[in-house]
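> The sequence and its predicted three-dimensional model are supplied below.
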Amino acid sequence: MVLAQLGGSISRALAQMSNATVIDEKVLGECLNEISRALLQSDVQFKMVRDMQTNIRKIVNLETLAAGTNKRRIIQQAVFTELCNMLDPGKPAFTPKKGKPSVVMFVGLQGSGKTTTCTKYAYYHQRKGFKPSLVCADTFRAGAFDQLKQNATKAKIPFYGSYMESDPVKIAVEGLERFRKENSDLIIIDTSGRHKQEAALLEEMRQVAEATKPDLVIFVMDGSIGQAAFDQAQAFKQSASVGAVIVTKLDGHAKGGGALSAVAATKSPVIFIGTGEHIDEFEIFDVKPFVSRLLG
Ligand code: GDP
């Protein structure tokens, strides 16, 4: 179920509930079941869906509501609040400040859109007056450096990488030193997304993070990965303390529910979403407007 459909299904469940002559336990139960079904079909983790039901039932206690209270509104409000809570871990992500050197490291599986997103993130900040720079610390995938170089050149963003060096930690540290000297105020490190084994990849992330001490680690997730999102996000969170999430490919047939799971697994907010392959197809993510739009 793509995001727009998810919103449509939830809105329909709420509308059906609103059309009922009397709002009783049965009507509320049916409405919550419909919403849960829609969320599960959008790949939201089962536990999150169950928690959402419990939380809404805590807010909406039909028996104790005074006569004359607008039950429909209370239920609608509770659903809105719960969807927002699922997307809002309660603490904002680190935001770079112009003129104050920051290091941001990107992690995520190969194909998630990590390299593309690094450039989008750099370009976004460049337009805001930052002096961003890009470091390619992916030595596993042949062609990774070329891709970053191409993207960076197009956007006129300084970049650093090596065709010869095989140690990603060394490249990351060299890149940092170079761009610190050049007074870049936003040094972005792109890392590998694949290894012979996942454990080796996660260990590499830990080492790069330890050597570069990033102010922020961003986990990049393909919006269409579905139920695998939670475990994947949690694995990265454990190796390099992820502080923010970017969900890519939300222009396509992504189910989007994975975003909710990634937030839960990393306890970090979604800060941007990718909505296309082009460098400016990149949007700031704000929970309330997003949920409002979702519900139509
Ligand atoms: P990486 O392996 O994680 O570095 O992924 P890449 O940056 O190479 O991206 C993999 C593919 O996804 C490329 O074809 C990108 O153009 C594409 N891609 C990345 N972000 C988006 C997005 O937001 N929307 C769409 N439609 N494609 C994207």
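Perfect, thanks for sending it. Residues are numbered from 1 along each chain as shown.
> Tell me how many other residues crowd residue 81.
For residue 81, the number of neighbouring residues by other Cβ atoms under 10 Å comes to 16. To be clear about C-beta, it is placed using only N, CA and C from the backbone, and glycine gets the same treatment.
> May I see the buried residues of stretch 103-112?
For stretch 103-112, the neighbour count (16 or more other Cβ atoms under 10 Å) marks 103-110, 112 as buried.
> One more: stretch 13-29?
13-14, 17, 23, 27-28.
> Now, those residues that are in helices?
13-14, 17, 27-28 (DSSP state H).
> filter those residues down to the ones close to the ligand.
Near the ligand, taking Cβ under 6 Å from any ligand atom as the test, no member of those is found.
> Near the ligand, which residues of this structure are found?
Residues of the chain lying near the ligand (Cβ under 6 Å from any ligand atom): 108, 110-116, 193, 248-249, 251-252, 274-277.
> OK, contacts around residue 63?
Residues near residue 63 by Cβ atoms under 8 Å, 6 or more residues apart in numbering: none.
> ugh, wrong one, residue 243
93-94, 216-218, 268.
> can you rerun that using 6 Å?
Each residue near residue 243 by Cβ atoms under 6 Å, 6 or more residues apart in numbering is listed here: 93-94, 216-217, 268.
> Now the phi/psi pair for the residue lying closest to it once chain neighbours are set aside, please.
Among residues not flanking residue 243 along the chain, residue 216 sits closest, at 4.9 Å (Cβ to Cβ, 6 or more residues apart in numbering). With angles defined as degrees, to the nearest 10, residue 216 sits at phi -150, psi 130.
> Is the residue of the chain most remote from its centre part of a helix or strand, or is it coil?
No residue in the chain sits farther from the centre than residue 67, which is 42.0 Å out by Cα atoms, centre = their mean. Here residue 67 is recorded as coil under DSSP: H, G, I helix; E, B strand; the rest coil.
> quick one, helices of the stretch 51-200 of the chain?
71-87, 114-127, 144-154, 168-181, 198-212 (DSSP state H, counting those that start in this stretch).
> which helices and strands does the third one pack with?
Based on contacts counted as 3 or more Cβ pairs under 6 Å, 6 or more residues apart in numbering; DSSP states H and E, the elements that helix 144-154 packs against are helix 114-127, strand 132-137.
> Alpha carbons of the longest one, in CSV - could you do that?
Only the C-alpha atoms of helix 114-127 are listed here, as CSV (Å, rounded to 0.1, in the frame of the first residue of the first chain):
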residue,chain,number,x,y,z
LYS,A,114,22.9,6.8,0.1
THR,A,115,25.4,8.4,-2.3
THR,A,116,22.6,10.3,-4.1
THR,A,117,21.3,11.5,-0.8
CYS,A,118,24.7,12.7,0.4
THR,A,119,24.9,15.0,-2.6
LYS,A,120,21.3,16.2,-2.2
TYR,A,121,22.0,16.9,1.5
ALA,A,122,25.2,18.8,0.5
TYR,A,123,23.5,20.7,-2.2
TYR,A,124,20.6,21.7,0.1
HIS,A,125,23.0,23.2,2.6
GLN,A,126,25.1,24.8,-0.1
ARG,A,127,22.1,26.7,-1.2
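> Now do that helix, average pLDDT.
Averaging the model's pLDDT scores along helix 114-127 yields 97.
> With the shortest one instead?
With pLDDT averaged residue by residue, strand 132-137 scores 98.
> next one: stretch 156-169
Mean predicted confidence for stretch 156-169 is 96.
> what about it, how long is it end to end?
Using Cα to Cα, to the nearest Å, the end-to-end distance of stretch 156-169 comes out at 25 Å.
> who touches it?
Under Cβ under 6 Å, 6+ apart, the answer for stretch 156-169 is 122, 132-137, 139, 145, 149, 152, 171, 175, 178, 207-208, 211.
> wait, isn't residue 10 in contact with residue 34?
No. Counting by Cβ atoms under 6 Å, residue 10 sits too far from residue 34 to count as a contact (7.9 Å).
> quick one, which of these two is more surrounded?
residue 10 (24 against 17).
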